[in-house]
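> Dropping the sequence and predicted coords here.
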Amino acid sequence: MRFLAPLLVLMLLAPIATRATVPGVFPGDLIKLQSDGDKTTHEDEAVYYFDRDWFRHPFPNAKVYNSWYKDFSGIKELTMEQMAEIKLGAPIAYRPGTRLIKIPSVPKVYALEPGGVLRWLETEAVAKGLFGDDWAKRVDDVSESLFTSYKEGAPLTARVLPTGSIVRRASDDSLYFIEGYFKRHLSPAVAESIRVQEKFVLRSSSDLADYPDRADVVANDLNFTDAAEIWHIDIPGPPLIDFPVSLRSVERGKEQGITAFRVSSAPAIIIRELRVRLTGELWKNGQPMLTDLKFVDVAGQNMFGIKQLETSGASSETMIFSGAYTMLPNTVSVIELRATPSMSMTPGAKISIVIERDTLKMGEGLSDAKITDFYPRSAFPVTDLQVK
């Protein structure tokens, strides 16, 4: 069976301005033209999803169709006159939480979230951690003309399940839907009603305790079954913070990065406060061994001003950097703590630096609602530096 209708058919079935009134056709139905009995023509093979606003959306191919439906039962056949009454909408996208997609010209593989949001799987380790050793078998190539109908979100830089994932917990075989920070239980009956296909279900060896419980999913919920995704879950995942740069040494007498981290976020966020604990040779003969400490982003923007060590003679000090650094939705920023080590520092001396996770203050969006949960949920790593 073919799916995306040829241009000739789209012209013959040009949408009209009035709302469709085709008897027996309801939102959520699958529709196609009646067969003309001619095997040499294909106009009658295109399948459409009929949405709540009375548009018909073509399935581009069988792989997209099979991400939503397991078979071709229940498709309603219409005359050409009836089909012409229904306005044409955008093509259907892959169902979130089913396949991974890529385009031939770009070596990036994406997971899909509701609303056609793409999450780049930044490394093979992330892909394996989320989708198993056979993750590559989930990947489908998408034509570049259709790829533009998706929108790119923040990359997945850690093993955090994308919204839309259906996960089976190994300990008790329970089924859960991942919704941003949370998980929602799916009973067998509900899973069947929203057309969950076992071949797309992920297996988790963990107890999923990192995802707090929300209300169970209910049967036939349109947030899960609407292939046009007019109804869909619109809860972005949590911000991700990781430390991809491993620094080992510092040079005396010049400004340089002494630790760095990366923030990936789907929602817009405002970083309000960062606290840094430094330990080691911070002072010598009454003089600070590090000066002009500042956080800068990937563009070189000074985020919170310049700070100096204050506790003379101390071998450990916590510095507080505060302000309002804004990140736009679906962006990534590498943030570096920079300083100038003194020429008086002892060669071979060591300094440890750690950004405190528990005191990090972030707000979400324009409302600046405090973000209390982000990844990783464990303490940030310590950067140990040796003076050259």
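Cool, the structure landed.

> mind giving me the domain split of the protein?
Recorded structural domains for the chain (assignment: automatic domain parsing) are 7-88, 96-235, 240-387.

> For those, please prepare a markdown table with the additional fields mean neighbour count.
Where you see a C-beta, it was placed from the backbone N, CA and C, and this is true even at glycine. Formatted as a markdown table, the domains of the chain follow (neighbours: other CB atoms under 10 Å):
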| stretch | mean neighbour count |
| --- | --- |
| domain 7-88 | 16 |
| domain 96-235 | 17 |
| domain 240-387 | 16 |
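
> For those, which has the smallest mean pLDDT value?
For these, the weakest mean pLDDT is recorded on domain 7-88, namely a mean of 82.

> Just checking the distance from that domain to the centre of its chain.
From the chain centre to the centre of domain 7-88 is a distance of 31 Å (CA atoms, centre = their mean, to the nearest Å).

> got the contact list for residue 283?
When contacts are counted by CB atoms under 8 Å, 6 or more residues apart in numbering, residue 283 touches 289, 309, 312, 313, 314, 315.

> residues contacting residue 326?
Under the criterion of CB under 8 Å, 6+ apart, the contact list for residue 326 reads 268, 269, 270.

> what's the closest of the contacts of residue 283 to residue 163?
Proximity of the contacts of residue 283 to residue 163 was ranked by CB to CB; the top entry is residue 309 with 43.1 Å.

> picking that back up, filter the contacts of residue 326 down to the ones in strands?
Mapping the contacts of residue 326 onto strands (DSSP state E) picks out 269, 270.

> if we take the contacts of residue 326, which one ends up nearest to residue 67?
Comparing every one of the contacts of residue 326 with residue 67 (CB to CB), the shortest separation belongs to residue 268, at 29.8 Å.

> Report the contact partners of the closest one.
Residue 268 sits next to 326, 327, 328, 329, 364, 365, 366 when contact means CB under 8 Å, 6+ apart.

> do you know how far it is from residue 239?
Between residue 268 and residue 239 the distance, using CB to CB, to the nearest Å, works out to 10 Å.

> go on, residue 79?
Residue 79 is 52 Å from residue 239, where distance means CB to CB.

> In three-state terms, label the residue nearest to the spatial centre of the chain for me.
Most central residue of the chain, judged by C-alpha distance to the mean C-alpha position with CA atoms, centre = their mean, is residue 119 at 4.3 Å. When the structure is split into helix, strand and coil by DSSP: H, G, I helix; E, B strand; the rest coil, residue 119 lands in strand.

> sorry, back to before: let's see which of the contacts of residue 268 end up in strands.
The members of the contacts of residue 268 that map onto strands under DSSP E are 326, 327, 364.

> Include distance to residue 206 when you put the residues you listed into a markdown table, please.
Supplementary listing: the ones in strands among the contacts of residue 268 in a markdown table, determined by distance: CB to CB, whole Å:
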| residue | distance to residue 206 |
| --- | --- |
| 326 | 34 |
| 327 | 29 |
| 364 | 26 |
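
> about what we covered before: return the closest of the contacts of residue 268 with respect to residue 199.
Using CB to CB as the measure, the one of the contacts of residue 268 that approaches residue 199 most closely is residue 329, at 32.3 Å.

> wait, doesn't that closest one sit right on residue 239?
No. With contact defined as CB atoms under 8 Å, residue 329 does not count as touching residue 239 (11.2 Å).

> list residues touching both of those two?
Contact with both residue 329 and residue 239 is made by residues 265, 266, 267, according to CB under 8 Å, 6+ apart.

> Format those as CSV; extra columns: distance to residue 188.
Shown next, in CSV, are the shared contacts of residue 329 and residue 239 (distance: CB to CB, whole Å):
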residue, distance to residue 188
265, 35
266, 31
267, 33
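
> ok, the residue located most distally from the centre of the chain - contacts?
When each C-alpha in the chain is compared with the mean C-alpha position (CA atoms, centre = their mean), residue 285 comes out farthest, at 50.4 Å. Shown in contact with residue 285 (CB under 8 Å, 6+ apart): residue 344.

> Angles on the backbone of it, please.
phi 50, psi 40 (degrees, to the nearest 10).

> Now do the helices in the stretch 201-350 of the chain.
For the stretch 201-350 of the chain, the helices identified by DSSP state H, counting those that start in this stretch occupy 222-225, in order along the chain.

> that's a strand at residue 199, yeah?
No. Using three-state DSSP, the assignment for residue 199 is helix, not a strand.

> on that earlier part again, which single one of the shared contacts of residue 329 and residue 239 is nearest to residue 156?
Using CB to CB as the measure, the one of the shared contacts of residue 329 and residue 239 that approaches residue 156 most closely is residue 266, at 10.2 Å.
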